[in-house]
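S.K.: Coordinates only, no sequence provided:
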């Protein structure tokens, strides 16, 4: 992949699937938004690489393990593949908020991992789509265009208003993909 501008990085919980303040702890609790899977497949079919950058501190908190997370991601990939798309890479942070890692958003470690795995010089011109301020901050720190979706915690983030900066705001992932693919 030569062009960083053909990459969309998505947060997971609240963007692709329902979020929960009690964490998504099992495959049964992982429920994608009805239009998100098809939106991801549409991006992929249109030549965009689709990657995911997700904080998963539920692992550090002991709510679920990495095998459970892997089962959720396997199901996500299966559904996107079935819809005719592909996920290029899934980067996740298993650490808790006080562990001092460099990957937990808003820090840029997950996005740097995606950049490195895709062998990109930078992420300038790429898109970071999230439902929280930390997603936007991670994207901005790596030179991404930022998008706030109103799903998940997005409406709450929008209402607070501070820190959103130049982020574009859409009702959901499908609305952003419609805009991106049909300028």
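M.R.: Noted; the coordinates are in hand. The structure presented is a predicted model; accordingly, all values stated were derived computationally and were not measured.

S.K.: Run through the residues that contact residue 31.
M.R.: 17, 18 (CB atoms under 8 Å, 6 or more residues apart in numbering). Where you see a C-beta, it was placed from the backbone N, CA and C, and this is true even at glycine.

S.K.: Swap in 10 Å and give it another go.
M.R.: The neighbours of residue 31, taking CB atoms under 10 Å, 6 or more residues apart in numbering as the test, are 17, 18, 19, 20, 24.

S.K.: Hmm, residue 72 and the last one touching each other?
M.R.: Yes. In this structure, residue 24 is within contact of residue 72 by CB atoms under 10 Å, at 7.1 Å.

S.K.: Need the overlap of contacts for these two.
M.R.: Shared contacts of residue 24 and residue 72, counting by CB under 10 Å, 6+ apart, come down to 12, 13, 17, 30, 56, 64.

S.K.: The last one and residue 154, how far apart?
M.R.: I take that to be residue 64. Per CB to CB, to the nearest Å, residue 64 is found 24 Å from residue 154.

S.K.: which one of the two has more residues nearby?
M.R.: With other CB atoms under 10 Å as the criterion, residue 64 and residue 154 differ in neighbour count, and residue 154 comes out ahead with 25 against 19.

S.K.: packing partners for the longest strand anywhere in the chain?
M.R.: Criterion DSSP state E: the longest strand present in the chain is strand 49-55. The helices and strands touching strand 49-55, judged by 3 or more CB pairs under 10 Å, 6 or more residues apart in numbering; DSSP states H and E, are strand 7-10, helix 36-45, helix 66-82, strand 89-93, helix 109-117, strand 127-130, helix 133-141.

S.K.: Highest mean neighbour count out of these?
M.R.: strand 127-130 (a mean of 28; mean count of other CB atoms under 10 Å).

S.K.: Mind listing the strands it pairs with, and their directions?
M.R.: strand 7-10 (parallel), strand 145-149 (parallel) (DSSP bridges).

S.K.: In JSON lines: those strands, plus distance to residue 37 and mean pLDDT.
M.R.: As requested, those are exported to JSON lines (distance: least, CB to CB, whole Å; pLDDT from 0 to 100):
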{"stretch": "strand 7-10", "distance to residue 37": "12", "mean pLDDT": "98"}
{"stretch": "strand 145-149", "distance to residue 37": "15", "mean pLDDT": "98"}
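
S.K.: Of all those strands, which one is nearest residue 158?
M.R.: Residue 158 sits nearest to strand 145-149 of all the strands paired with strand 127-130, at 6.2 Å, using CB to CB.

S.K.: quick check: mean pLDDT across stretch 26-37?
M.R.: For stretch 26-37, mean pLDDT is 96.

S.K.: Please apply the same query to stretch 168-183.
M.R.: Mean predicted confidence for stretch 168-183 is 96.

S.K.: any residues touching it, and which ones?
M.R.: 8, 10-11, 15-16, 32-43, 45-48, 50, 127, 129, 131, 145-152, 154-155, 157-158.
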